[in-house]
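> Fold the following, please.
(one chain, ligands or ions: 1)
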Amino acid sequence: MPLSNSTSAPAAEVLLPEGLEAESLPRHVALVMDGNSRWAAARGLPPTDGHEHGMRALMKTVRLSRAWGIRVLTAFGFSLENWNRPKAEVDFLMALIERFINDNLAEFMREGTRLRIIGDRSRLPVSVQKTARDAEEATRNNSRLHLVLAISYSGRMDIVQACRKLAQKVDAKLLRPEDIDESLFADELQTSCAADEASSSCPDLLIRTSGELRLSNFLLWQSAYSELFFTDTLWPDFGEAQYLQALRAFQSRDRRFGARKN
Ligand SMILES: CC(C)=CCC/C(C)=C/CC/C(C)=C/COP(=O)(O)OP(=O)(O)O
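Okay, here's the model as predicted:
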């Protein structure tokens with residue numbers, strides 16, 4: 001099927017399940033998709049089977065996000081620390097990421113999904129780098145859902161590379177140190193790729209599956225005021241019911257951003 005470069009899907013009708021209200025939905029959702037290996041082990045399967053089912057759960061979540069009018073979905077697909085896993089598992093995950101992009105590109109085009117990859121892409125296999133680059137280029141005019149895959153990503157590294165870029169600008173006399181503020185800093189973070197007038201690079205809601213209660217070096221700067229939702233569900237079992245539970249929990253939160261309400 002030819003993939004045109006101009007398929008910004010028309011504003012699609014959003015049909016929300018009962019209990020969700022469009023005005024108070026998060027615009028940006030972040031996912032720590034944890035528990036693939038435990039899901040597989042519980043079934044006597046190798047970790048790779050867990051990742052395979054994890055990929056299906058991710059695509060389900062992409063479709064639900066699109067259907068419910070979420071503007072940005074940032075998913076932690078592979079951390080910088082994950083390079084320390086056995087080579088066979090790393091190779092499998094790289095091939096899986098490439099397959100995820102290739103197999104879903106036609107749908108991304110048809111349904112208005114823009115794809116961006118953040119993280120240290122210099123470490124990715126050349127074929128994954130090319131697949132990612134081509135998909136980013138093909139989907140650049142899509143605007144219904146912004147899907148950001150964090151691959152070879154580290155929140156601390158993101159902060160360090162932003163500092164380096166600002167230091168270079170100061171060195172080149174393009175900036176004065178006193179010009180640096182939170183907004184300029186955020187512009188240099190890799191997540192700024194998904195920020196526009198409709199959404200921010202900071203997730204409103206961050207979901208972590210599998211019962212672990214930590215951020216694991218994900219969006220450290222960006223999650224300063226994210227609402228956190230933890231569930232014991234292992235990622236491959238994460239589906240509509242669990243996503244709805246997280247969104248309903250989000251809608252019941254009182255977000256004050258440190259201020260006092262009158
Ligand atoms: C981007 C993309 C296409 C991803 C699809 C597959 C996917 C969901 C990958 C996440 C990778 C990962 C290390 C998950 C954590 O499970 P774990 O192995 O650490 O599980 P455990 O906590 O049970 O050990």
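
> which element is the residue in the stretch 101-250 of the chain that the ligand sits nearest to on?
Evaluated by CB to the nearest ligand atom, the stretch 101-250 of the chain has Leu149 as its residue closest to the ligand, separated by 4.9 Å. Backbone N, C-alpha and C define where each C-beta goes, glycine included. Applying DSSP states H and E as the criterion places Leu149 in strand 145-153.

> And Thr233, how close does it get to Gln245?
9 Å (CB to CB, to the nearest Å).

> meant to ask about Leu175, not that
Leu175 sits 44 Å away from Gln245, going by CB to CB.

> Same question for Ala42.
21 Å.

> So which of the two has more stuff around it?
The residue with more neighbours, out of Ala42 and Gln245, is Gln245; 15 against 11, by other CB atoms under 10 Å.

> What distance do you get for that one to Ile207?
With CB to CB as the criterion, Gln245 and Ile207 are 10 Å apart.

> Between these two, which contacts overlap?
Thr231 (CB atoms under 8 Å, 6 or more residues apart in numbering).

> distance of the residue nearest to Arg85 when sequence neighbours are not counted from the ligand?
Closest residue to Arg85 apart from its sequence neighbours, by CB to CB, 6 or more residues apart in numbering: Leu93 at 8.0 Å. From Leu93 over to the ligand the distance is 6 Å, taken as CB to the nearest ligand atom, to the nearest Å.

> What is the neighbour count of Leu93?
Around Leu93 there are 22 other residues, counting by other CB under 10 Å.

> in terms of contact, does it touch Asn82 like I think?
Yes - using CB atoms under 8 Å, Leu93 is in contact with Asn82, at 7.3 Å.

> residues of whichever strand or helix holds Glu52 that come out buried?
Assigned by DSSP H and E, Glu52 belongs to helix 47-68. Across helix 47-68, burial judged by 16 or more other CB atoms under 10 Å covers 47-55, 57-58, 61-68.

> what's the single longest helix in the protein?
Using DSSP state H, we find that the single longest helix of the chain is helix 87-111.

> what angle do it and strand 145-153 make?
Angle, helix 87-111 to strand 145-153, by axes from the mean of the first three to the mean of the last three CA atoms, to 10 degrees: 160 degrees.

> Outside of helix 87-111 itself, list whatever touches it.
With CB under 8 Å, 6+ apart as the criterion, helix 87-111 contacts 1, 3-4, 7, 9, 47-48, 51-52, 55, 58-59, 62, 66, 77-78, 82-83, 85, 113-115, 124-125, 127-128, 131-132, 135, 138-139, 142, 144-145, 147, 149, 151.

> Determine how far it lies from the middle of the whole chain.
From the chain centre to the centre of helix 87-111 is a distance of 15 Å (CA atoms, centre = their mean, to the nearest Å).

> so what strands line up beside the strand holding Leu149?
Applying DSSP bridges, strand 145-153 is found paired with strand 72-79 (parallel), strand 113-118 (parallel).

> Look up the residues forming beta bridges with the residue nearest the centre of the chain.
With distances taken as CA atoms, centre = their mean, Thr74 lies nearest the centre of the chain, 1.2 Å away. Under DSSP bridges, the beta-bridge partners of Thr74 are Ala30, Val148.

> Quick check, pLDDT for Pro26.
We have a pLDDT of 97 for Pro26.

> Could you check how far it is from Leu228?
12 Å.

> Show me which of those two is the more surrounded one.
Higher neighbour count among Pro26 and Leu228: Pro26, with 26 against 17, using other CB under 10 Å.

> show me the contacts for that one.
By CB under 8 Å, 6+ apart, the residues touching Pro26 are 70, 203-205, 227, 247, 250.

> Just send those residues back as JSON lines, with secondary structure, neighbour count and distance to Met109 too.
Conversion of those to JSON lines gives the following (DSSP: H, G, I helix; E, B strand; the rest coil; neighbours: other CB atoms under 10 Å; distance: CB to CB, whole Å):
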{"residue": "Ile70", "secondary structure": "coil", "neighbour count": "25", "distance to Met109": "19"}
{"residue": "Pro203", "secondary structure": "coil", "neighbour count": "28", "distance to Met109": "25"}
{"residue": "Asp204", "secondary structure": "coil", "neighbour count": "22", "distance to Met109": "27"}
{"residue": "Leu205", "secondary structure": "strand", "neighbour count": "22", "distance to Met109": "27"}
{"residue": "Glu227", "secondary structure": "strand", "neighbour count": "19", "distance to Met109": "32"}
{"residue": "Leu247", "secondary structure": "helix", "neighbour count": "26", "distance to Met109": "26"}
{"residue": "Phe250", "secondary structure": "helix", "neighbour count": "22", "distance to Met109": "30"}
